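Peer 1: Quick one: sequence and predicted model below, then my questions.
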Amino acid sequence: MQRRLTVVEGMALAQDIAQNWQQIWNFQARKGDVLLDTYPKSGTTWMQEIVDLIMNDGDEQICRRAPVYERIPFIELLHLMKPGMEEVNAMPSPRILKSHLPVHLVPPSFWRHDCKVIYVARNARDTVTSYYHFDQMLQFHPDPNPWENYLERFMKGEVGWGSWYDHVKGFWEMKEKHQILYIFFEDLKKTPLQQIQKVAHFLGKNLPEETLSQIARLSTFDHMKNNPMANNSDFPKEILNQSKSGFMRKGKVGDWKTMFTVQQNEIFEDDYRRQMEDSSLTFHNPK
């Protein structure tokens with residue numbers, strides 16, 4: 001694995017992904033496919049598990065049929081791990097797929113077929129904190145240390161999958177033009193049942209309250225952390241080295257306070273205001 005980033009269409013991307021950009025861009029979505037898109041470390045795996053449970057009427061056994069990364073393939077990594085392109089093309093419709101690509105770099109076939117997109121956004125401070133810890137494990141991203149340099153790179157969009165600001169604003173601005181359901185990580189934490197019901201409705205599933213409650217229970221952080229089919233514990237080691245820390249770390253709101261100094265928080269806040277001033281998007285930022 002090459003621990004380098006390169007620029008693709010104005011976005012920082014791992015060299016190992018960038019070298020296969022044409023295949024990613026030309027990915028052929030089908031009518032009925034659903035795309036789960038997020039900026040990294042914003043609740044992606046959580047939403048993957050929720051959606052699979054919704055599509056399978058809350059049946060825990062069916063959702064333990066395979067690891068979550070096989071049940072919901074990651075389109076940027078189809079050339080690096082299983083399931084590969086051939087297996088994904090052979091999957092029956094409707095397929096649920098995952099991506100971290102910003103809205104303008106989502107393969108055009110998704111928009112051409114008017115596919116539904118579920119987007120999860122998490123507040124910037126918790127995202128960068130979680131991403132810093134995650135990049136300690138990710139084998140195709142540069143070493144994130146030291147933290148203060150990583151924080152600067154994040155603010156400049158010089159981390160994998162580019163600018164958090166452009167990412168969250170891009171999908172927010174496009175949500176009225178396409179079938180995009182915009183969900184906030186913090187709302188999912190605070191009112192899981194309501195948010196799960198919203199996702200189910202968006203997917204055309206009318207589930208009874210007891211099933212929704214079952215899905216909420218099966219998708220809690222603690223339950224998923226102890227479910228080997230949901231916690232990515234057997235994710236390919238050449239991509240994700242989990243020898244020091246597990247994939248699922250804390251899943252909390254407000255964990256940024258363990259990392260930011262007072263001065264870093266002030267600098268970040270000034271930069272945040274500047275980068276978000278042109279958008280109506282607001283987050284419940286934990287102070």
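Peer 2: Received, thanks.

Peer 1: give the contact list for the closest residue in space to residue 84 that isn't next to it in sequence.
Peer 2: In this structure, residue 84 finds its nearest non-sequential neighbour in residue 78, 5.4 Å apart by Cβ to Cβ, 6 or more residues apart in numbering. Any C-beta I mention is one placed from the backbone N, CA and C, and that applies to glycine too. Residue 78 makes contact with 23-24, 27, 84-85, 88, according to Cβ atoms under 8 Å, 6 or more residues apart in numbering.

Peer 1: Residue 11 is in contact with residue 105, correct?
Peer 2: Yes. Between residue 105 and residue 11 a contact is recorded at 6.4 Å, counting by Cβ atoms under 8 Å.

Peer 1: so where is the stretch 151-287 of the chain shaky, pLDDT-wise?
Peer 2: By pLDDT under 70, the weakly predicted segments of the stretch 151-287 of the chain are 225, 228-252, 285-287.

Peer 1: again, only this time at 80
Peer 2: Low-confidence segments of the stretch 151-287 of the chain, defined by pLDDT under 80: 221, 223-254, 284-287.

Peer 1: which residue ranges form the strands in it?
Peer 2: 180-184 (DSSP state E, counting those that start in this stretch).

Peer 1: which stretches of this protein form helices?
Peer 2: Assigned by DSSP state H, the helices in the chain fall at 15-18, 21-25, 44-55, 68-71, 85-90, 108-112, 124-134, 147-156, 164-174, 185-190, 192-202, 209-218, 221-225, 262-276.

Peer 1: so residue 114 makes contact with residue 108?
Peer 2: No. Using Cβ under 8 Å, residue 114 and residue 108 do not qualify as a contacting pair, with a distance of 12.0 Å.

Peer 1: what phi and what psi does the backbone show at the residue nearest to residue 123 when sequence neighbours are not counted?
Peer 2: In this structure, residue 123 finds its nearest non-sequential neighbour in residue 283, 4.5 Å apart by Cβ to Cβ, 6+ apart. The phi and psi values for residue 283, taken as degrees, to the nearest 10, are phi -110, psi 160.

Peer 1: And the helices of the chain: which comes nearest residue 33?
Peer 2: helix 108-112 (7.1 Å; Cβ to Cβ).

Peer 1: Any buried residues in that closest one, and which?
Peer 2: 109-111 (16 or more other Cβ atoms under 10 Å).

Peer 1: Tell me the one among the residues you listed nearest to residue 118.
Peer 2: The closest of these, once distances to residue 118 are taken by Cβ to Cβ, is residue 110, at 12.1 Å.

Peer 1: What's the per-residue pLDDT of the closest one here?
Peer 2: Confidence at residue 110, expressed as pLDDT, is 98.

Peer 1: Enumerate every residue touching the residue nearest to it when sequence neighbours are not counted.
Peer 2: Nearest residue to residue 110 in three dimensions, chain neighbours excluded: residue 29, at 4.4 Å (Cβ to Cβ, 6+ apart). By Cβ under 8 Å, 6+ apart, the contact set of residue 29 is 35, 97, 107, 109-110, 112-113, 115.

Peer 1: Closest one to residue 65 out of those, please.
Peer 2: When these are compared against residue 65 (criterion: Cβ to Cβ), the nearest one is residue 97, at 17.0 Å.

Peer 1: dump the residue contacts of the closest one.
Peer 2: 29, 33-36, 72-75, 88.

Peer 1: at 6 Å what do you get?
Peer 2: Taking Cβ atoms under 6 Å, 6 or more residues apart in numbering, we find residue 97 in contact with 35, 73, 75.

Peer 1: Same question for residue 273.
Peer 2: Contacts of residue 273 by Cβ under 6 Å, 6+ apart: none found.

Peer 1: and the gap between it and residue 114?
Peer 2: Going from residue 273 to residue 114 by Cβ to Cβ, to the nearest Å gives 36 Å.

Peer 1: What of residue 271?
Peer 2: Residue 271 is 36 Å from residue 114, by Cβ to Cβ.

Peer 1: if you count what's nearby, which of these two comes out ahead?
Peer 2: residue 271 (17 against 11; other Cβ atoms under 10 Å).
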